[in-house]
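Colleague: Okay, sequence plus prediction incoming.
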Amino acid sequence: MKIIKFGGSSVANPENIQRVFSIIKEKLKEHELAVVFSAFGGVTESLLKIAQLAREGDEAYREVLQTLEEKHLAIVRQLISVQSQSTVMTFVKVRFKELEDLFHGIYLIKENSPRTLDYVASFGERLSAFILAESMQGQGLKTQFLDARDVIRTNDRFGQAKVDFEVTNEAIKNYFAKYDGIKVITGFISSTAKGETTTLGRSGSDYTAAIFAAALDAENLEIWTDVSGVLTSDPKLVYTAFTIPQLSYNEAMELSHFGAKVIFPATMQPAMRKSIPIYIKNTFEPENPGTLINGEVSPGALIKGISSIPNVSIVTVQGAGMLDSTVGTSRVFKALAEAKVNVLLISQASSEHSICLAIKTQESYLAKEAVEKEFFYEIKSGEMDKVILLHDLATVAVVGENMKHNPGASGRMFRALGRNNINVGAIAQGSSELNISAVIPQPDLQKALNALHEAFFLSENKVLHVFLVGVGLIGQALIKMIANQQQKLRGDNELDIQIHGMANSRFMAFHEDGFDLSNPYELSDSDEKTDLNKFIRTMEEMNFSNTVFVDCTASQDVAELYTKILEAKVAIVTPNKKANSGSMDQYRALKKLAKKRGVKFLYETNVAAGLPVINTLQDLMLSGDRVIRIEAVLSGSMNYIFSELEKGDPFSEVVKKAKELGFTEPDPRDDLSGMDVARKILILGREAEQDLEFDSIEIQSMVPEDCQNLGSVPEFFEVLRTHDIDFAEMLKVAEAKGERLRFMATLENGKAKVGLNSLPIAHPFSGLGGSDNMILLTTDRYKDRPMIIRGPGAGADVTAAGVFADVIRIGNYTRE
Ligand code: ADP
Ligand code: ASP
Ligand code: MG
């Protein structure tokens, strides 16, 4: 004998029901079966909602009831042939007449006791199982409808009744001995010795099936639902969750106790007593093996799954009266037990004379009332404080028997939460070491589950969630690179980079699942105007674990948001120099903040595009070296101009050519002024651990004075022409000495200078042509011959490549 149970979603509509019938027919070829059904999908919820409306005196209840009746009648019409419909139609109509009277009563007396609600809810399963038994009969199966209230005996704890197994087992066995046919059984419902209707708790049909399986010593129990077994986490919250092939009874119990709704916690007890294996199967994918729950603990992964309970409150009981914690604690629990409050988690610090309990929010008020009543006199005398309630929380729990005697699980759990900026309100670990649970802010729940899921199950595949501001040349090159490398990174580097937000100066757009980078997204297609604050807010609200903000703009406004971004524990990668070239205080504050929040702030491309300058300097400093001198050609445009000048063309012509080739800013004065180079040497100096302010840098501008205030670029070129002769003269003087003119930056003895130098031909910079950059680092270790870094120091592609490398670095850093 096998017991097989179908949940509400499996029987939500005639189409699904036909699937269920095929599964049953297939099984019947090999096994004797008894089938347990839940109410049709959503029906229990509707019945309880109607009861609430009626109690509130809201006449709308009648309409909802009507719709519910229509839903049942429609199912009958579709499943049962017209000739055989009448018995079932009558059954359904009589039940709805009873419901009508019942709700009218509730409407009149405005009362909804747990007893009444159990009776109301019982109609769902009574209707579904009867209709389905009759439909199966119509399809040639011999069925026997069983209202479980006739056999499952419970106490009168309405809403969560406890089973009297002695009476129940006997009654089930007798019933099965007496009647033939496939028993079609109502899930969820039961009755007291006095014949009052009770229920086993919401989602209790799983339990009904286990009660039958144990009473009949069934070979196994199958729970058919809308997912392929118990997954590593709720797939509605963690999209990467996957099926757990096998679980021990204890693991399944613990996971469901902490919120894995796929199986009702009590289901495991009767099955465990009789060592009956439970299979969780998917009605919509019957060939999937699903999950097997039995007495074995499979070796391997540290944890089996992660579950969560939303809408939780922390109830804190504190005061000197708790000092004698044994007495205090026992009184708290006595009061809560009497008030029938379920405690999800307890954490106690005897030094604080307090005890902290996690309780479902709806029960927390009852808990407060019960405890304050128990400590009435102590509260009055001030020996105890009033009970404090803290709402809008959730619990998350990691579960698995392999955590026992195996260190590392709690470290990994709290590191993952901490790294993602999730504050933990209370923690508990059972001495059985089967679970570790924590209370966190409810708005962070999905992020927490995903971070934990990644830390425990996907650590070989790290996901980075990128939000990109600035989709100009560099931004676009970056997107292209990510798109090209996505597959390879996933495979070889186990890193998955997804872009969830993009903005340029006009439009922004977001994508929950990540943009499909194989089809370039046009921001102009978005109808959302760029609002930087809103961009950051949306990024925070999406609340992904491992988020990286990439700033590919040169904007001061974006740089001003870095503090806010780092505060939110989001890493930053940027070629934008604005933040690091502000005041020394600001530079220090950002670094400190990133460290404090445990996230990276990477800006290798602030200087010399993708050349490894900043990382190299940082490594030198960390390993104890000291910078004596930095000499650098840091402007590709200036290097191009002065190396071209040697060919004999006039200065203004060379500058014009550089501009035409795209080697300069739109207004070449931005390059010629030396300001950009000054910012770069400022940052290098700071990386070399020197206190430098921008104002202290000696800058020799290459923009002649009379050109500085001219409005348009053509005007500037006009006037610049009059200075060609001066530049030619400078060049001549240098050449006469066998020297070359190079625009460079130096830093020595805490003093930074930017300007044109005449260098001996043997100097490494003299041979530097084109738009290359070169940096010479003279340090304690590299004293005799400086370290030289040379290569293209500008351009969208090399800059984007540097930004990309920083993003990947963050992926590697967040990996454990
Ligand atoms: P049924 O109607 O079949 O009883 P339920 O809605 O009670 O189905 O349970 C199935 C649902 O449980 C799934 O759709 C899923 O959203 C939720 N769920 C929560 N945690 C888990 C988990 N760890 N594994 C699988 N499903 C889960
Ligand atoms: N129909 C009941 C409920 O929705 C029982 C069940 O589905 O298991 O809670
Ligand atoms: Mg269920």
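Modeller: Thanks, I have the structure now. Residues are numbered from 1 along each chain as shown. Ligands and ions are numbered 1, 2, ... in the order given.
Colleague: what sits against residue 672?
Modeller: Applying CB atoms under 8 Å, 6 or more residues apart in numbering to residue 672 gives the contacts 638, 655, 701-703. Backbone N, C-alpha and C define where each C-beta goes, glycine included.
Colleague: same thing but 10 Å
Modeller: 635, 637-638, 641, 651, 655, 658, 664-665, 701-704, 707-708, 716, 720, 743 (CB atoms under 10 Å, 6 or more residues apart in numbering).
Colleague: Restricted to buried residues, select the residues you listed in PyMOL.
Modeller: Burial among the contacts of residue 672 is assessed by 16 or more other CB atoms under 10 Å; the matching PyMOL selection reads:
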select buried, resi 635+637+638+641+651+655+658+664+701+702+703+704+707+716+720+743
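Colleague: For the residue nearest to residue 363 when sequence neighbours are not counted, which residues are in contact?
Modeller: In this structure, residue 363 finds its nearest non-sequential neighbour in residue 341, 4.9 Å apart by CB to CB, 6 or more residues apart in numbering. Residue 341 is in contact with 315, 333, 335, 357, 359-360, 363-371, counting by CB under 10 Å, 6+ apart.
Colleague: can you check residue 417 too?
Modeller: Applying CB under 10 Å, 6+ apart, the residues contacting residue 417 are 396, 423-424, 438, 440, 444, 447-448, 451-452, 455, 545.
Colleague: Nearest to ligand 2 among those residues?
Modeller: Distances from ligand 2 to the contacts of residue 417, taken as CB to the nearest ligand atom, are shortest for residue 396 (23.3 Å).
Colleague: Am I right that that closest one is in contact with residue 305?
Modeller: No. Using CB atoms under 10 Å, residue 396 is not in contact with residue 305; the gap is 11.3 Å.
Colleague: out of those two, which sits in the more crowded spot?
Modeller: Legend: neighbour count by other CB atoms under 10 Å for residue 396 and residue 305, higher for residue 305 (29 against 26).
Colleague: Where does the closest residue in space to residue 315 that isn't next to it in sequence sit: helix, strand or coil?
Modeller: Take residue 315 and drop its neighbours on the chain: the residue closest to it by CB to CB, 6+ apart is residue 357, 4.7 Å away. Look at residue 357: counting by DSSP: H, G, I helix; E, B strand; the rest coil, its state is strand.
Colleague: Quickly list what residue 357 is bridged to.
Modeller: For residue 357, the beta-bridge partners under DSSP bridges are residue 315, residue 346.
Colleague: where does this protein have low pLDDT?
Modeller: Counting by pLDDT under 70, the chain shows low-confidence ranges at 323-326, 350-352, 431, 459-461, 814-816.
Colleague: In it, which residue sits nearest ligand 3?
Modeller: Distance from ligand 3 to each residue of the chain (CB to the ion) is smallest for residue 203, at 4.0 Å.
Colleague: ok, that residue - contacts?
Modeller: By CB under 10 Å, 6+ apart, residue 203 lies in contact with 7-8, 38, 44, 187-188, 256, 261-267.
Colleague: mind putting the residues you listed in a markdown table, neighbour count, secondary structure and distance to ligand 1 included?
Modeller: As requested, those are exported to a markdown table (neighbours: other CB atoms under 10 Å; DSSP: H, G, I helix; E, B strand; the rest coil; distance: CB to the nearest ligand atom, whole Å):
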| residue | neighbour count | secondary structure | distance to ligand 1 |
| --- | --- | --- | --- |
| 7 | 24 | coil | 2 |
| 8 | 25 | helix | 4 |
| 38 | 29 | coil | 6 |
| 44 | 24 | helix | 10 |
| 187 | 29 | coil | 9 |
| 188 | 31 | coil | 10 |
| 256 | 23 | helix | 8 |
| 261 | 15 | coil | 4 |
| 262 | 22 | coil | 4 |
| 263 | 26 | coil | 8 |
| 264 | 24 | coil | 8 |
| 265 | 19 | helix | 12 |
| 266 | 21 | helix | 14 |
| 267 | 30 | helix | 11 |
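Colleague: Now do the residue of the chain closest to ligand 3 against residue 654, distance only.
Modeller: Taking CB to CB, to the nearest Å as the measure, residue 203 falls 79 Å from residue 654.
Colleague: cool, residue 90 as well?
Modeller: 99 Å.
Colleague: again with residue 676
Modeller: Distance from residue 676 to residue 654, by CB to CB: 18 Å.
Colleague: Which of the contacts of residue 672 fall within strands?
Modeller: Under the assignment DSSP state E, these contribute residue 743 to strands.
Colleague: Among the contacts of residue 672, which lie within helices?
Modeller: Within those, residues falling in helices by DSSP state H are 637-638, 641, 651, 655, 658, 707-708, 716, 720.
Colleague: Am I right that residue 714 sits in a strand?
Modeller: No. Going by three-state DSSP, the assignment for residue 714 is helix, not a strand.
Colleague: burial of it, as a residue count?
Modeller: 8.
Colleague: residues contacting residue 650?
Modeller: Counted by CB under 10 Å, 6+ apart, residue 650 has contacts 656, 720-721, 723-725, 727-728.
Colleague: Let's see if you can find the most crowded of those.
Modeller: The most crowded member of those, judged by other CB under 10 Å, is residue 720 (25 neighbours).
Colleague: does that one really touch residue 651, like I thought?
Modeller: Yes. Using CB under 10 Å, residue 720 is in contact with residue 651, at 7.1 Å.
Colleague: So for those two, which residues contact both of them?
Modeller: 672, 702, 704, 727.
Colleague: restrict those to contacts with ligand 1.
Modeller: Near ligand 1, judged by CB under 6 Å from any ligand atom, there are no entries from those.
Colleague: any idea which of the residues you listed is the one closest to ligand 2?
Modeller: residue 672 (74.9 Å).
Colleague: What distance do you get for the closest one to residue 608?
Modeller: From residue 672 to residue 608 the distance is 19 Å (CB to CB).
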